[in-house]
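Peer 1: this is a predicted model, with the sequence first.
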There are 2 protein chains.
Amino acid sequence: MLDDMGLSIGQVAERTGLSVHALRFYEKEGILARQVQRGPGGRRVYTQQDIDWLRMCIMLRMSGMPVPEIRRYTELVRQGDGNELQRLDILKEHQERVQQQMVQLQECMDLITFKVGKYQDYVNSIAAKAVGQ
Amino acid sequence: MLDDMGLSIGQVAERTGLSVHALRFYEKEGILARQVQRGPGGRRVYTQQDIDWLRMCIMLRMSGMPVPEIRRYTELVRQGDGNELQRLDILKEHQERVQQQMVQLQECMDLITFKVGKYQDYVNSIAAKAVGQ
DNA sequence: GCTTGACCTAGAGTCGGCTCTACTTCGTAG
DNA sequence: CTACGAAGTAGAGCCGACTCTAGGTCAAGC
């Protein structure tokens, strides 16, 4: 289809799990590190680097980083060397939030597991009675 | 203000961290296990049990259970004994999802931590050079 | 008797993150 | 030469979970 290092939007969608719509949306939102190249007919041509970048963005999104903050980070990367401290700040802050999220989630998990245990015991006891009859 | 076992919506908001708006919204959405009692002037009067239930709902929400599913669970509880197996199913399913979420979040965390490490090293090396000059 | 503040209802508005629509343009296959 | 499929653009629409507005009641305090 395309040069073996150039991928169409559809192929990128397949490989990343994002929808074609989402890919265009992300681009419009400025969260692609490099301007996506265009092939004949104005079609987007993605490189492996674009995919790698997208995969990281997906991780950031999955862990709850809002699009505008991903954009800020992306812009720093686009600007090139010299702002590593700012990038580090964004990442560290996010890391902190993710850490908190995990703690919270663990608390929820503990409660849910406790309740599941209680119901399981109860359901088992009912089943045992039924068998005993 | 109120009888020492009856709490106003404002007090419940304080104790749970939910907004007054959210409390009314939750009630309208049917995720309160028992009909909230009303005091003089049609004001809501919450009991400690209502608060306990709300705290669990908050845990379920925090861990990503959608409101409609909390409602389903609530309805089962409201119906009383006999449907414990269905309640258990809902909780187990949710437990599974939370488990997956935690795994995903950990993956994200690993990547972020890796990147933070890289940037930290880089930033340190720059700082070292500056001192060395 | 007037203001304040906490509460009430019904329903509109907001926000984030996509998702979808409408319409166009290509390149290839039948 | 027509149809199809995959792409393009601009912009509207949707969904979930609140959040806020408008307009009203009521009790307490000045």
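Peer 2: It's in.
Peer 1: just how off-centre is the longest helix seen in chain A within its chain?
Peer 2: Identified as the longest helix of chain A according to DSSP state H is helix A:84-132. Its chain's C-alpha centre and that of helix A:84-132 lie 20 Å apart, by CA atoms, centre = their mean, to the nearest Å.
Peer 1: what do you get for stretch A:19-33?
Peer 2: Counting by CA atoms, centre = their mean, stretch A:19-33 is centred 13 Å from the centre of its parent chain.
Peer 1: quick one: mean pLDDT over the longest helix of chain A.
Peer 2: Summarised as a single mean, pLDDT over helix A:84-132 is 95.
Peer 1: helices and strands around it, which ones?
Peer 2: Counting contacts by 3 or more CB pairs under 8 Å, 6 or more residues apart in numbering or on different chains; DSSP states H and E, helix A:84-132 packs against helix A:67-79, helix B:48-62, helix B:84-132. C-beta here means a position set from N, CA and C on the backbone, and glycine is covered the same way.
Peer 1: and the angle from it to helix A:67-79?
Peer 2: Interaxial angle, helix A:84-132 versus helix A:67-79 (axes from the mean of the first three to the mean of the last three CA atoms, to 10 degrees): 140 degrees.
Peer 1: so helix A:84-132, near DNA strand D or not?
Peer 2: No. Counting by CB under 7 Å from any atom of the strand, DNA strand D is not contacted by helix A:84-132; separation bottoms out at 13.7 Å.
Peer 1: that helix to helix B:48-62, inter-axis angle?
Peer 2: Using the same axes, to 10 degrees, helix A:84-132 lies at 120 degrees relative to helix B:48-62.
Peer 1: do helix A:84-132 and DNA strand C meet at all?
Peer 2: No. Using CB under 7 Å from any atom of the strand, helix A:84-132 never reaches DNA strand C; the gap is at least 12.3 Å.
Peer 1: for stretch A:12-28, same thing?
Peer 2: Yes. Stretch A:12-28 lies within reach of DNA strand C by CB under 7 Å from any atom of the strand, at A:Ser19, A:His21, A:Ala22, A:Arg24, A:Phe25.
Peer 1: residues contacting the fourth one?
Peer 2: A:Arg24 makes contacts with A:Ile9, as judged by CB atoms under 8 Å, 6 or more residues apart in numbering or on different chains.
Peer 1: about what we covered before: with mean neighbour count added, can I get the helices and strands packed on helix A:84-132 in a markdown table?
Peer 2: Shown next, in a markdown table, are the helices and strands packed on helix A:84-132 (neighbours: other CB atoms under 10 Å in any protein chain shown):
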| stretch | mean neighbour count |
| --- | --- |
| helix A:67-79 | 16 |
| helix B:48-62 | 17 |
| helix B:84-132 | 15 |
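Peer 1: fine by me, thanks again.
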